[in-house]
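A.B. asks: The following block contains a protein sequence and its predicted model.
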Amino acid sequence: QVQLVESGGGLVQAGGSLRLSCAASGSTFSNKVVAWFRQAPGKEREFVAVTWSTGHTYNSDSVKGRFAISRDSARNAVYLQMNSLKPEDTALYFCATEIIKGVGYEAHNYKYWGQGTQVTVSS
């Protein structure tokens, strides 16, 4: 059983930065797709960024140029560096891994999820 734990969320002013971490136990990230999603109150879960085992990454248009996903195989962790944060980035951020089927930017394709870490950006 894979367990994911996110950390690094918090309250930050607009224009600030945060780095989220996703740590895995029970499995290794080295050969898996890992993605970040976010969910704001009253909204659907939204794709943010994904990294494949090849190292290739892809970001959503809403965070392109501001956020970067990366992985550290030695620590079995995946990170989301978030810069130039905006109030509309406020959400609960989740990491997910192991695609059951389909593409990496659709939430329902993932088997394992963390509990999330809250990011709040004040204006």
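C.D. replies: Nice, thanks for sending it over. Remember, it's a predicted structure, so these values are computed and weren't measured experimentally.

A.B. asks: From L4, how far out is K43?
C.D. replies: 22 Å (C-beta to C-beta, to the nearest Å). Every residue, glycine included, has its C-beta placed from N, CA and C.

A.B. asks: Next: G55.
C.D. replies: To L4, G55 is 20 Å away according to C-beta to C-beta.

A.B. asks: The two - which one has more neighbours?
C.D. replies: Between G55 and L4, L4 has the larger neighbour count (other C-beta atoms under 10 Å), namely 23 against 9.

A.B. asks: Can you give me the end-to-end span of stretch 60-77?
C.D. replies: 21 Å (C-alpha to C-alpha, to the nearest Å).

A.B. asks: ok, now stretch 46-61?
C.D. replies: Using C-alpha to C-alpha, the two ends of stretch 46-61 sit 11 Å apart.

A.B. asks: mean confidence score for it?
C.D. replies: The pLDDT scores in stretch 46-61 average 95.

A.B. asks: My read is that L11 contacts T90, right?
C.D. replies: No: using C-beta atoms under 8 Å, L11 is not in contact with T90, being 9.5 Å away.

A.B. asks: More neighbours: the two, which one.
C.D. replies: T90 (19 against 12).

A.B. asks: ok, how many other residues are close to D89?
C.D. replies: Neighbours of D89 (other C-beta under 10 Å): 22.

A.B. asks: so the residue nearest the centre of the chain is in which element?
C.D. replies: By C-alpha atoms, centre = their mean, the chain has its centre lying nearest to W36, at 2.2 Å. Assigned by DSSP states H and E, W36 falls within strand 34-39.

A.B. asks: Which positions in that strand come out as buried?
C.D. replies: 34-38 (16 or more other C-beta atoms under 10 Å).

A.B. asks: Please apply the same query to stretch 5-18.
C.D. replies: 6, 8-9, 12, 18.

A.B. asks: Show me those that map onto strands.
C.D. replies: Using DSSP state E, the members of the buried residues of stretch 5-18 that fall in strands are 6, 12, 18.

A.B. asks: partners of the last one in the sheet?
C.D. replies: Which is L18. According to DSSP bridges, the residues that bridge with L18 are M82.

A.B. asks: ok, it touching S7?
C.D. replies: No: between L18 and S7 there is no contact, the gap being 10.6 Å when judged by C-beta under 8 Å.
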